[in-house]
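In: heads up, no residue letters with this:
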């Protein structure tokens, strides 16, 4: 099995356009990307049909590939108790799905709602809202042959791998998969290797960064308590054909992602994942 390592443009979000970020990351080299959406970086309303065709042509000419588009969930909430917020969120994600299809992306990362850690609504209500909005997104995804990678995230109604996996399974859609974020899982105290082995067939993307069980972060690999050797071994056992995205937030993302690549590759060379070939 060959596992692709890709890079997130998260650290470049407010610095420059996404194409410039992808070109920078291709130097280390990374060629598959999870691209964050924001005005000035990449935003669906900034690209009409001709501009989308031109951007796709430039990407293909540079040998770059968008693995996924990622709409930050600070302003959007699929599980909101407010109908207008849910409607806006579905509208924005549908635009993101259309942009992903036009740019040849494999899918869209979706944070499955947000709930307050202080006074959350009834979980059954949050799940009902989340399911209703996600079904609407899956209809659009199916029409565009676009996968939805529902991300494991501590502020959602489904924060654990088991809760997320059971909910994604209940959608009964080939376009509904999991984006398993190992740093988010570390923060909530989850056994990532066990989660990967249980839900591997549903995982369409991995997000790799470091954190601790007391600090929710997306640090360079090796700066926290995530056991990447165990995670590499668990991934190697799965029938996985997606990408493992280095989702590192850093003031020096190129150097820190290079160190992340080196750590993963050295783990492989040490024999931890002897059944895997790393790209």
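Out: Looks like it arrived, so ask away. Everything numeric in this text was worked out from a predicted model, so none of it was measured.

In: For the closest residue to residue 23 other than its chain neighbours, give me the pLDDT.
Out: Nearest residue to residue 23, sequence neighbours excluded (Cβ to Cβ, 6 or more residues apart in numbering): residue 62, at 6.5 Å. In this view, the C-beta of every residue, glycine as well, is placed from N, C-alpha and C. Per-residue pLDDT puts residue 62 at 94.

In: just residue 268 next, same as before
Out: So residue 268 comes in at 60 (pLDDT).

In: for residue 277, same thing?
Out: 40.

In: swap in residue 206?
Out: Taking residue 206 on its own, its pLDDT is 98.

In: tell me what the one helix or strand it maps to is packed against?
Out: Assigned by DSSP states H and E, residue 206 falls within strand 203-208. Counting contacts by 3 or more Cβ pairs under 8 Å, 6 or more residues apart in numbering; DSSP states H and E, strand 203-208 is packed against strand 107-110, strand 147-151, strand 176-181, helix 182-187, helix 228-236, strand 243-246.

In: Just tell me which of the ones you listed ends up closest to residue 264.
Out: helix 228-236 (6.4 Å; Cβ to Cβ).

In: could you list every residue that touches the residue nearest to residue 23?
Out: 22, 23, 26 (Cβ atoms under 8 Å, 6 or more residues apart in numbering).

In: how far away is residue 46 from residue 207?
Out: 25 Å (Cβ to Cβ, to the nearest Å).

In: do the same with residue 156
Out: From residue 156 to residue 207 the distance is 14 Å (Cβ to Cβ).

In: Quick check on residue 239: phi, psi?
Out: Reported as degrees, to the nearest 10, the phi and psi values for residue 239 are phi -80, psi 70.

In: so it makes contact with residue 200?
Out: Yes. Counting by Cβ atoms under 8 Å, residue 239 does reach residue 200; the two are 7.2 Å apart.

In: Can you pick out the residue with more neighbours from these two?
Out: Neighbour count, other Cβ atoms under 10 Å: between residue 239 and residue 200, residue 200 has more, with 17 against 7.

In: Could you report the neighbour count for residue 258?
Out: 18.

In: typo on my end, it should be residue 65
Out: 18.

In: Now it: closest residue in space that isn't a chain neighbour?
Out: Closest to residue 65 by Cβ to Cβ, 6+ apart is residue 32, at 5.2 Å.

In: Before we move on, what's the pLDDT of the one you found?
Out: For residue 32, the model assigns a pLDDT of 97.

In: re earlier: any chance of the contacts of residue 62 in CSV, plus distance to residue 181?
Out: Output for the contacts of residue 62, formatted as CSV (distance: Cβ to Cβ, whole Å):
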residue, distance to residue 181
22, 21
23, 26
26, 23
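
In: Out of these, who's the most crowded?
Out: Busiest of the contacts of residue 62 [other Cβ under 10 Å] is residue 22, holding 24 neighbours.
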